[in-house]
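Q: One predicted model, sequence on top.
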Amino acid sequence: MINNPLRINIQSTFADTIPGYMPSRWSSEELSEDDLIFEAATLEDIELAYMGNEILVVSDEAMFESITTTRIRLAQTMRAFVRALNRGLNGTNIMAGTDEAGTDENGRNCIGGAIIGRVRRVANIPVLTAQIPLTDGQSTSIIFHSPTADGAKIKSNDELVAFQFLLNKRNVTHVVAPIGGRDVSLSQVCQALSNLIERNSEKFKKAKERQDKMKADIESYLNEADKLAEERSIMIDQVDVAPTWAD
């Protein structure tokens with residue numbers, strides 16, 4: 001279930017046990033308008049980042065370890081979270097969650113309004129990603145670890161503990177989970193996240209338009225290059241057979 005109120009853990013946490021580093025592009029320093037917060041992130045992007053330990057960090061700062069559930073109750077937990085997030089997004093014309101249930105067209109598991117990734121092992125600890133798509137093209141991801149799992153699999157009754165949040169490709173855990181041992185409600189966490197989502201929305205859409213145009217231009221250039229290469233090949237073939245015509 002979701003603990004309510006949520007307590008921000010100020011003791012050492014799962015993330016403190018992970019060998020790795022956090023590149024400056026994935027840091028939890030004060031949010032700036034870097035490209036990560038404007039980059040759309042697929043579930044695979046987030047999972048691959050964890051495969052390389054890129055967003056895991058050894059830190060003395062408090063980490064967010066407040067949302068707990070079990071594998072069998074994950075759908076109910078995500079449904080409650082998506083519902084609270086949509087309350088925070090009310091009036092923004094942005095909706096959170098996917099309408100898909102079961103398996104989507106890409107073969108991904110969708111439950112409780114979230115897309116659930118495969119279990120990945122990081123430093124011998126099972127890690128699971130739940131991604132919540134947003135109607136403006138953004139997404140927020142919640143990263144869980146399982147302290148009770150034995151081996152590579154997470155069983156139905158194994159505990160899942162959320163310890164990081166991302167908005168698009170940016171780690172925003174420190175923004176939505178204030179430190180200092182204070183109690184915060186689920187609605188406060190979701191309100192902080194929804195405020196960040198709304199504030200980032202317009203700039204995200206403009207950045208996406210630029211990225212889409214750049215991709216379209218590149219594709220057009222590549223198509224033109226292929227066309228020219230094909231024409232060149234035809235001309236070379238014609239030159240090769242020209243003496244035969246002369247005979």
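A: Yes, it's here.
Q: which residue ranges form the strands in the protein?
A: Using DSSP state E, the strands found in the chain span residues 6-7, 68-70, 102-103, 109-111, 114-116, 120-122, 125-133, 139-145, 159-167, 170-171, 183-184.
Q: where among the ones you listed is the average confidence lowest?
A: Of all the strands of the chain, the minimum mean pLDDT falls on strand 6-7 (a mean of 36).
Q: Just give me the neighbour total for the residue lying closest to residue 156 once chain neighbours are set aside.
A: Sequence neighbours aside, residue 72 is the residue nearest to residue 156 in space, at 4.1 Å (criterion: CB to CB, 6 or more residues apart in numbering). For the C-beta atoms, the positions are set from N, CA and C on the backbone; glycine is no exception. Counted with other CB atoms under 10 Å, residues neighbouring residue 72 total 12.
Q: how far away is residue 72 from residue 104?
A: From residue 72 over to residue 104 the distance is 21 Å, taken as CB to CB, to the nearest Å.
Q: what do you get for residue 131?
A: 11 Å.
Q: Number of residues surrounding residue 176?
A: Neighbours of residue 176 (other CB under 10 Å): 20.
Q: number of nearby residues for residue 67?
A: Around residue 67 there are 24 residues (other CB under 10 Å).
Q: partner residues bridging it?
A: In this entry, residue 67 is beta-bridged to residue 2, by DSSP bridges.
Q: does residue 120 have beta-bridge partners, and which?
A: residue 127.
Q: My guess is residue 68 contacts residue 161. True?
A: Yes: using CB atoms under 8 Å, residue 68 is in contact with residue 161, at 5.2 Å.
Q: Longest helix in the chain, please.
A: Determined from DSSP state H, the single longest helix within the chain is helix 186-246.
Q: tell me what that helix is packed against?
A: Applying 3 or more CB pairs under 8 Å, 6 or more residues apart in numbering; DSSP states H and E, we find helix 186-246 packed against helix 74-88, strand 159-167, helix 173-176.
Q: deepest of these, which one?
A: Among the helices and strands packed on helix 186-246, ranked by average contacts under mean count of other CB atoms under 10 Å, first place goes to strand 159-167 (a mean of 22).
Q: partners of that one in the sheet?
A: Sheet pairing of strand 159-167 (DSSP bridges) gives strand 68-70 (antiparallel), strand 139-145 (antiparallel), strand 170-171 (antiparallel).
Q: Distance from the chain centre to it, please.
A: Taking CA atoms, centre = their mean, to the nearest Å, one finds strand 159-167 lying 11 Å from the centre of the chain it belongs to.
Q: and it with strand 125-133, angle?
A: Angle of strand 159-167 versus strand 125-133, following axes from the mean of the first three to the mean of the last three CA atoms, to 10 degrees, is 50 degrees.
Q: tell me the angle strand 159-167 makes with helix 74-88.
A: Using the same axes, to 10 degrees: strand 159-167 against helix 74-88 is 30 degrees.
Q: got the CA positions of strand 159-167 in CSV?
A: Coordinates of each C-alpha in strand 159-167 appear next as CSV, following Å, rounded to 0.1, in the frame of the first residue of the first chain:
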residue,chain,number,x,y,z
GLU,A,159,8.1,-5.8,-1.0
LEU,A,160,8.6,-3.0,-3.4
VAL,A,161,10.1,0.3,-2.2
ALA,A,162,10.1,3.5,-4.3
PHE,A,163,13.3,5.4,-4.0
GLN,A,164,13.6,7.6,-7.1
PHE,A,165,11.4,9.8,-9.3
LEU,A,166,12.2,11.0,-12.8
LEU,A,167,10.4,13.6,-14.9
